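Novice: next comes the sequence, and after it the predicted model I'd like to discuss.
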Amino acid sequence: MSLEPRAPQVGEVVQEAAPARPRRYRWYHKLTALLFIIFCLELGLFLLIFPWSDWWKSNFFASYIPEWHRYWDSAYLRGAVSGLGVVNLYISLAEIFRLRRFSRN
């Protein structure tokens, strides 16, 4: 059996693939995308700003185990949490630019 495409034989009916129809987006697709953008934007801003505020030190997790306070107060941990915020902001901005997919319908 060959992997080469086979030429049609004489008298053989060749069926061509039907062109793909564009996807129809409903209102709930658009609403879900908008809510996802708002969620990622708010979460990203919160994770970017909160570790550097005064409330970061006075929460339940910081006072639960006092030995971990030096890790909790570390600039590396705060930077890692802020980095997650930047990732969420990037996702929200990428989704904003992907909203063009809804403009076709």
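Specialist: Arrived safely. Numbering: from 1, shown residues only.
Novice: so which helix or strand takes in residue 83?
Specialist: Counting by DSSP states H and E, the element that carries residue 83 is helix 75-97.
Novice: list the contacts of that helix.
Specialist: Contact with helix 75-97 is made by 33, 36-38, 40-41, 43-52, 56, 71, as judged by C-beta atoms under 8 Å, 6 or more residues apart in numbering. No exception for glycine: its C-beta is placed from N, CA and C like everyone else's.
Novice: just the ones in helices from those, please.
Specialist: 33, 36-38, 40-41, 43-49, 71 (DSSP state H).
Novice: what would those look like in JSON lines with distance to residue 97, pLDDT and neighbour count?
Specialist: Shown next, in JSON lines, are the ones in helices among the contacts of helix 75-97 (distance: C-beta to C-beta, whole Å; pLDDT from 0 to 100; neighbours: other C-beta atoms under 10 Å):
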{"residue": "33", "distance to residue 97": "12", "pLDDT": "91", "neighbour count": "17"}
{"residue": "36", "distance to residue 97": "14", "pLDDT": "95", "neighbour count": "13"}
{"residue": "37", "distance to residue 97": "10", "pLDDT": "95", "neighbour count": "18"}
{"residue": "38", "distance to residue 97": "15", "pLDDT": "96", "neighbour count": "12"}
{"residue": "40", "distance to residue 97": "13", "pLDDT": "96", "neighbour count": "20"}
{"residue": "41", "distance to residue 97": "13", "pLDDT": "97", "neighbour count": "17"}
{"residue": "43", "distance to residue 97": "19", "pLDDT": "97", "neighbour count": "17"}
{"residue": "44", "distance to residue 97": "15", "pLDDT": "97", "neighbour count": "21"}
{"residue": "45", "distance to residue 97": "18", "pLDDT": "97", "neighbour count": "14"}
{"residue": "46", "distance to residue 97": "22", "pLDDT": "97", "neighbour count": "13"}
{"residue": "47", "distance to residue 97": "21", "pLDDT": "96", "neighbour count": "19"}
{"residue": "48", "distance to residue 97": "20", "pLDDT": "97", "neighbour count": "18"}
{"residue": "49", "distance to residue 97": "24", "pLDDT": "96", "neighbour count": "12"}
{"residue": "71", "distance to residue 97": "37", "pLDDT": "85", "neighbour count": "11"}
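Novice: cool, thanks, signing off.
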